[in-house]
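*Asks:* Please work out how this folds:
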Amino acid sequence: MTETTTTVPVAGGALDVRVGGRTGPALVFVHYWGGSADTWNGVLGHLPPGQATVRFDQRGWGTSRALPGPYHLGRLADDLARVVETRVPGPFVLVGHSMGGKVSQLFAARRPAGLVGLVLVAPAPPRPPATVTEEYRQGLSHAYDSPETVQHALDHVLTATPLPGTVRATAVRDSLAAGAEARHEWPLRGIAQDITDAVRDIDVPVTVLAAENDVVEPPRVLRDHLLPHIPHATLTTVPDAGHLLPAEAPGAVATAIGDLLTAVRSSATEGL
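*Replies:* Sure, this is the predicted structure:
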């Protein structure tokens with residue numbers, strides 16, 4: 001897929017945004033804590049030729065590392081809003097993974113013009129479960145301290161299946177590509193933020209993908225802590241995979257996106 005990189009002004013600087021394809025609705029990808037625009041490489045490889053896509057490194061990560069804080073969910077949602085306003089001229093679907101899923105929920109709750117659907121990939125739920133204790137969050141905040149801790153997180157927490165060498169190398173690189181403030185904001189604060197009041201305002205079709213062997217956001221957590229607050233969402237479990245669904249099962253993610261796009265297009269046709 002051919003992409004062009006453009007610059008989008010945001011608070012304190014600018015984001016480099018990769019835009020590809022022309023066939024809409026556009027897919028706007030929002031990566032996980034420790035990820036980057038490259039998290040979605042495998043998924044893009046399974047999409048139809050010409051599918052419109054938009055992806056970028058979130059504030060504090062990768063090519064956006066130098067952007068100043070704060071790095072809280074509201075600021076990340078503001079950045080996402082700027083990307084959509086300046087680079088998505090028509091209808092679009094948000095595709096958010098983990099932390100990016102929570103950012104996407106917060107932005108979708110604002111009911112932005114053009115939003116027609118939401119795909120949440122192993123998302124952090126709007127209401128954190130009781131397991132997200134202070135002790136848990138402190139431990140999580142050190143997951144990306146060094147190459148060794150990243151390797152441990154990949155092997156014992158983030159994945160349930162071996163990643164191809166190049167995909168694993170990208171995940172290690174991305175996990176280390178953040179300043180301390182951005183790296184700590186999510187585990188110490190964002191993951192524990194309750195946004196249930198906001199997500200009740202989401203009014204577009206929502207697909208939730210859970211991973212059968214995910215120890216970060218298990219299917220039962222999403223059933224108990226997401227579905228009650230977004231009751232029109234549908235949940236599908238991907239067998240065998242772990243938390244890094246875009247890397248472990250990119251084809252399943254692309255299929256779920258395609259199914260939602262088909263439903264959105266069908267609904268639009270019926271409304272004519």
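
*Asks:* so which strand or helix has residue 66?
*Replies:* Taking DSSP states H and E as the definition, one finds residue 66 inside no helix or strand.

*Asks:* quick one: average pLDDT of the longest helix anywhere in the chain?
*Replies:* In the chain, assigned by DSSP state H, the helix with the most residues is helix 250-270. Mean pLDDT, helix 250-270: 90.

*Asks:* buried sites along that helix?
*Replies:* 250, 252-257, 260-261, 264 (16 or more other CB atoms under 10 Å). Where you see a C-beta, it was placed from the backbone N, CA and C, and this is true even at glycine.

*Asks:* what do you get for stretch 208-219?
*Replies:* Neighbour counts over stretch 208-219 (16+ other CB under 10 Å) mark 208-211, 213-214, 216-219 as buried.

*Asks:* Start and end of that stretch, how far apart?
*Replies:* Length of stretch 208-219, first residue to last, CA to CA, to the nearest Å: 10 Å.

*Asks:* Who are the contact partners of residue 195?
*Replies:* 73, 102, 105-106, 109, 126-127 (CB atoms under 8 Å, 6 or more residues apart in numbering).

*Asks:* if we take the residues you listed, which one ends up nearest to residue 90?
*Replies:* Within these, proximity to residue 90 (CB to CB) peaks at residue 109, which comes in at 21.0 Å.

*Asks:* for that closest one, what are its contacts?
*Replies:* 195, 198-202.

*Asks:* and if you look at residue 268?
*Replies:* Contacts of residue 268 (CB under 8 Å, 6+ apart): residue 116.

*Asks:* do you know how far it is from residue 49?
*Replies:* From residue 268 over to residue 49 the distance is 21 Å, taken as CB to CB, to the nearest Å.

*Asks:* Derive a PyMOL selection command for the buried subset of the contacts of residue 109.
*Replies:* A single PyMOL command selects the buried members of the contacts of residue 109 (16+ other CB under 10 Å):
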select buried, resi 195+198+199+202
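
*Asks:* Just the ones in helices from the contacts of residue 195, please.
*Replies:* 73, 102, 105-106.

*Asks:* Pull the most distant pair out of those residues.
*Replies:* Using CB to CB, those span at most 9.2 Å, a distance reached by 73 and 105.

*Asks:* Comparing the two, which residue is more hemmed in?
*Replies:* residue 105 (29 against 23; other CB atoms under 10 Å).

*Asks:* Using neighbour counts, pick out the buried residues of stretch 236-249.
*Replies:* Buried-residue list, stretch 236-249, by 16+ other CB under 10 Å: 237-238, 241-249.

*Asks:* Turn the residues you listed into JSON lines, columns for secondary structure and distance to residue 184.
*Replies:* Output for those, formatted as JSON lines (DSSP: H, G, I helix; E, B strand; the rest coil; distance: CB to CB, whole Å):
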{"residue": "237", "secondary structure": "strand", "distance to residue 184": "31"}
{"residue": "238", "secondary structure": "strand", "distance to residue 184": "30"}
{"residue": "241", "secondary structure": "coil", "distance to residue 184": "27"}
{"residue": "242", "secondary structure": "coil", "distance to residue 184": "23"}
{"residue": "243", "secondary structure": "coil", "distance to residue 184": "19"}
{"residue": "244", "secondary structure": "coil", "distance to residue 184": "21"}
{"residue": "245", "secondary structure": "helix", "distance to residue 184": "24"}
{"residue": "246", "secondary structure": "helix", "distance to residue 184": "23"}
{"residue": "247", "secondary structure": "helix", "distance to residue 184": "23"}
{"residue": "248", "secondary structure": "helix", "distance to residue 184": "26"}
{"residue": "249", "secondary structure": "coil", "distance to residue 184": "29"}
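
*Asks:* Format the residues you listed as a markdown table; extra columns: distance to residue 20.
*Replies:* Compiled in a markdown table, the buried residues of stretch 236-249 are given as follows (distance: CB to CB, whole Å):
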| residue | distance to residue 20 |
| --- | --- |
| 237 | 29 |
| 238 | 25 |
| 241 | 25 |
| 242 | 27 |
| 243 | 26 |
| 244 | 22 |
| 245 | 21 |
| 246 | 16 |
| 247 | 19 |
| 248 | 23 |
| 249 | 22 |
